[in-house]
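**Student:** Structure for this input, please:
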Amino acid sequence: METYSLTDDMRHLSRLGLGGCPFGGHGWGPVDDRDSIHAIRRAYELGVNFFDTADVYGFGHSEHILRKALGPQRHSVHIATKFGVRWDARGRTWKDASPNYLRQALDASLSRLEVECIDLYYLHWYDLKTPIEKTLEALEELRRQGKIRAIGLSNVTAEQLRTAASIAPIATVQIQYSLVDQEKFERLAPVARQLGIRLTTWGSLAQGLLSGKYDGRPKFDTGDRRLHYDNFLGEKLRHNLLLVQELKNTASQLGKTPAQVALRWLLDTRSVGFALFGAKNIKQVEENLGALGWRLPCEAYQRLMQLGCTASGCQSHDPTRKTA
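**Tutor:** Numbers count the residues shown, from 1 in each chain. Alright, predicted model coming up:
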């Protein structure tokens, strides 16, 4: 297992982390809780010790499933969860980064996970109303109280990151980043490098697109959020499928799967500390963990990067492949 350390208290985390959004049971087609539990347990058996979720995933259900699946092992792994999105009894959501809601949300997550401390606690989405300084001051106070071990940010701008880092130590920033979603990386990665902060990627497989199993007419169940995602629509999908074909070619040459190549590309990119992947069953867990223990040839890395820039509509840039 490839590992990376975030803080003195959080050492040797698996670089591939299991993301808990599908475990919430909403927005990803049919999800069976039993399959989710088996997937989590299999990931643990194979060496994954970094599990990422959020309170809003299934309105607490993902945290509940994670706690049930891990059982006593939840005290020996690293669990990340998030706050910043509220919901009501009708399932309506809105952003709230206020210190008052932060404390309520943290206590609720601690209760659902049945732990005394959250290893990595993220501001999920900034609400654009609460001064971000107040949110970070409250997070830092909770860290000093021992309710959280480390602070993370998710879905923030470079300016918000700079402000937050001036107030409290930021362990990692979670960012939407994949071969077909590179524009946010362009803006945020240089600042993160200046501050010495590693990135954690979400949407690492572009919601399954980079697994190679979708063609020009992807079909999803009613209620699947991918029905409305740009990556699966129109001209963007056409460009994406050209990249997916190259992924398939590269994977065939290397004896890997497209998903493994796509994840390896992220792990080989400077600034990326961790890549999160979702899974609804054991088979997906086992396949995705095949991205570990090898490296992409330089020419394959660069070729995929260029095609990804075209698909993303961003400037051709060089995120710089890791040399070690």
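**Student:** switch to C-alpha atoms for all contacts and neighbour counts from now on
**Tutor:** Noted.
**Student:** can you pull out the strands in the chain?
**Tutor:** Taking DSSP state E as the test, the strands found in the chain are 3-4, 13-14, 16-19, 50-52, 78-83, 85-87, 93-95, 118-123, 148-154, 170-176, 198-202, 272-278.
**Student:** Mean neighbour count added to the ones you listed, as a markdown table?
**Tutor:** Putting the strands of the chain into a markdown table (neighbours: other C-alpha atoms under 10 Å) gives the following:
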| stretch | mean neighbour count |
| --- | --- |
| strand 3-4 | 16 |
| strand 13-14 | 22 |
| strand 16-19 | 26 |
| strand 50-52 | 24 |
| strand 78-83 | 24 |
| strand 85-87 | 18 |
| strand 93-95 | 13 |
| strand 118-123 | 25 |
| strand 148-154 | 23 |
| strand 170-176 | 23 |
| strand 198-202 | 25 |
| strand 272-278 | 24 |
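**Student:** closest to A108 out of those strands?
**Tutor:** Closest to A108 of these is strand 78-83 (C-alpha to C-alpha; 10.1 Å).
**Student:** Double-check Q176 against E183; I have them as touching.
**Tutor:** No: applying C-alpha atoms under 8 Å as the test, Q176 and E183 come out as separate, 9.2 Å apart.
**Student:** Excluding residues flanking it in the chain, which one is nearest P169?
**Tutor:** I151 (6.9 Å; C-alpha to C-alpha, 6 or more residues apart in numbering).
**Student:** my guess is that neighbour meets H124, correct?
**Tutor:** No: between I151 and H124 there is no contact under C-alpha under 8 Å: 11.0 Å.
**Student:** Roughly how far does G17 sit from A189?
**Tutor:** Going from G17 to A189 by C-alpha to C-alpha, to the nearest Å gives 20 Å.
**Student:** what do you get for Q253?
**Tutor:** 30 Å.
**Student:** same thing with L292?
**Tutor:** Relative to A189, L292 is positioned 23 Å away (C-alpha to C-alpha).
**Student:** more neighbours, the two?
**Tutor:** More neighbours surround A189 than the other of L292 and A189, with 21 against 17 (other C-alpha atoms under 10 Å).
**Student:** Name all residues that make contact with the more buried one.
**Tutor:** 199, 271 (C-alpha atoms under 8 Å, 6 or more residues apart in numbering).
**Student:** any low-confidence regions in this structure?
**Tutor:** Low-confidence segments of the chain (pLDDT under 70): 25-29, 216, 220-229, 233, 311-324.
**Student:** Quick test: name the residue nearest the centre of it.
**Tutor:** Nearest to the mean C-alpha position of the chain, by C-alpha atoms, centre = their mean, lies W202 at 2.8 Å.
**Student:** wait, doesn't that one sit right on L276?
**Tutor:** Yes: in this structure, W202 is within contact of L276 by C-alpha under 8 Å, at 5.5 Å.
**Student:** any idea how far F185 is from the residue lying closest to the residue nearest to the centre of the chain once chain neighbours are set aside?
**Tutor:** Counting by C-alpha to C-alpha, 6+ apart, W202 lies nearest to Q176, which is 4.9 Å off, once chain neighbours are set aside. Per C-alpha to C-alpha, Q176 is found 8 Å from F185.
**Student:** Can you say which of the strands of the chain is nearest to K213?
**Tutor:** The nearest among those, by C-alpha to C-alpha, is strand 272-278 at 15.1 Å.
**Student:** burial count for P218?
**Tutor:** 13.
**Student:** To what extent is the closest residue to it other than its chain neighbours buried, counted in neighbours?
**Tutor:** Nearest residue to P218 in three dimensions, chain neighbours excluded: F232, at 7.3 Å (C-alpha to C-alpha, 6+ apart). Neighbour count of F232, defined by other C-alpha under 10 Å: 23.
**Student:** didn't F232 look like it was pressed against Y214?
**Tutor:** No: between F232 and Y214 there is no contact under C-alpha under 8 Å: 9.1 Å.
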